[in-house]
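>>> Pasting the sequence and the predicted coordinates here, then a few questions.
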Amino acid sequence: MDFDPAGLIRPHILNMPAYQPILPVEVVARQRGLPEDQIIKLDGNENPYGPLPQVLQVLAHLSDAHLYPDPESRELRKALANYHRIPAEHLLVGAGADELIDLLMRLVLEPGESLIDCPPTFGMYEFDGHLNRAQVISVPRSADFSIQIGPIEREVQTRRPKLLFLAHPNNPDGSLLDPGVVERLLVLPLIVVLDEAYIEFAQPGSSYLSQVPQRSNLAVLRTFSKWAGLAGLRLGYGAFPLRLVDHLWKIKQPYNVSVAASRAACVSLQFAPQLDRIRQEIVLERERLYRALQAIPWLQPYPSQSNFILCRVIGRDAAWLKDELARAGILVRYFNKPGLRDHIRISIGRPEHTQALLKQLSTLE
């Protein structure tokens with residue numbers, strides 16, 4: 001019997017495009033014929049300083065990795081509650097904020113129901129929407145990457161979407177949402193999900209996390225990947241209205257957050273002042289790089305409130321630029337899709353990474 005198991009795959013997945021992640025350092029090094037230690041990775045928005053030394057010390061001496069983790073992440077949620085001054089019952093922890101995006105969709109969306117996405121933005125909103133057989137309503141951003149509130153309101157009125165996902169700051173341009181726009185969104189009859197993965201690098205007072213207990217339809221997502229340098233451990237969290245979080249507990253995997261990730265996050269919060277000093281260094285380096293990029297006539301950098309800078313490449317091919325930098329071991333993200341034709345995004349590295357990037361760019365004048 002010649003049985004083809006592919007015939008059992010759900011049709012919408014057969015026809016669904018795969019998400020395109022960035023390549024690991026070792027793969028790029030092998031492709032380029034370069035030693036791994038000569039690769040300067042500015043394409044993934046990771047923290048170039050990595051985890052705190054105290055975190056590495058704790059991870060090196062884990063004594064309970066053979067035991068299943070606490071399914072409710074009680075220690076971490078208590079630490080987060082104290083850090084953010086928000087009741088722990090509003091908090092849910094996930095294997096990266098990506099898991100929480102998917103959980104929200106699985107909680108409220110029946111196949112064929114809709115959500116709103118505002119591209120160009122983080123691709124996981126659209127990806128998870130298609131995975132959950134949702135209708136993804138695309139409301140493109142304006143040329144300056146601001147939200148078009150009027151079209152969103154009209155889509156809500158006519159198509160009744162259940163979810164709206166907005167990155168704050170937005171990825172890939174680093175812009176913040178206008179507070180007046182957020183207020184208009186929060187009166188709409190849908191769940192507004194603000195993804196604050198990069199909020200620590202924005203101006204103080206930009207976060208909406210503390211408002212969640214007072215808002216019936218606001219969810220805010222955060223991550224330890226950027227600020228705390230724990231991207232490889234996959235740890236995110238979210239603040240949700242109680243009427244949602246009680247049901248999210250039902251559908252999350254019971255042991256979704258590893259012992260190592262939970263312990264690393266708790267130690268990171270314990271030494272948050274050290275992380276804040278690193279954050280300040282990254283912000284200062286962002287401003288230095290932004291000024292330097294402004295001086296290059298064929299690059300148009302956009303102001304950013306995140307740990308990356310988006311640049312429009314003028315009069316040259318952005319794919320060529322990405323490849324030229326990669327030949328020198330410098331990795332940046334290249335975009336060529338609606339709203340982002342001929343753009344690259346540069347993650348903020350250490351000062352020596354900035355110097356190497358600028359030196360290489362100068363050779364392409």
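Thanks, I have it. These numbers were taken from a predicted model, which means no experiment stands behind them.
>>> Buried by neighbour count: which residues of the longest helix along the chain qualify?
Counting by DSSP state H, the longest helix found in the chain is helix 272-294. By neighbour count with 16 or more other C-beta atoms under 10 Å, helix 272-294 contains the buried residues Ala272, Leu275, Ile278, Arg279, Ile282, Val283, Glu285, Arg286, Leu289, Tyr290, Ala292, Leu293. (Each C-beta comes from the backbone N, C-alpha and C, glycine too.)
>>> right, and the helix or strand after it?
Sequence-wise, the next helix or strand downstream of helix 272-294 (DSSP states H and E) is strand 299-301.
>>> any idea of the mean pLDDT in that next one?
In this model, strand 299-301 has an average pLDDT of 97.
>>> so what secondary structure elements neighbour the helix or strand just after that strand?
Toward the C-terminal end, the helix or strand that comes next after strand 299-301 (DSSP H and E) is strand 308-313. Applying 3 or more C-beta pairs under 8 Å, 6 or more residues apart in numbering; DSSP states H and E, we find strand 308-313 packed against helix 272-294, strand 299-301, strand 343-347.
>>> Average pLDDT for the next helix or strand after strand 308-313, rounded please.
On the C-terminal side of strand 308-313, the nearest following helix or strand under DSSP H and E is helix 318-327. Taken as a whole, helix 318-327 has a mean pLDDT of 94.
>>> Can you list the buried residues in helix 318-327?
If you call a residue buried by 16+ other C-beta under 10 Å, then helix 318-327 has these buried ones: Ala318, Leu321, Lys322, Glu324, Leu325, Ala326.
>>> now these in TSV, with distance to Ala134?
Output for the buried residues of helix 318-327, formatted as TSV (distance: C-beta to C-beta, whole Å):
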residue	distance to Ala134
Ala318	31
Leu321	35
Lys322	32
Glu324	39
Leu325	37
Ala326	35
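>>> And those, which is closest to Pro169?
Closest to Pro169 out of the buried residues of helix 318-327 is Ala318 (21.7 Å), distances taken as C-beta to C-beta.
>>> And for the nearest residue to that closest one once chain neighbours are set aside, the neighbour number?
Nearest residue to Ala318 in three dimensions, chain neighbours excluded: Asp342, at 4.2 Å (C-beta to C-beta, 6 or more residues apart in numbering). Asp342: 17 surrounding residues under other C-beta atoms under 10 Å.
>>> And for the one 5 residues further on?
Neighbours of Ser347 under the rule other C-beta under 10 Å: 25.
>>> from what I can see Pro241 touches Val212, true?
Yes - applying C-beta atoms under 8 Å, one finds Pro241 in contact with Val212, separated by 6.7 Å.
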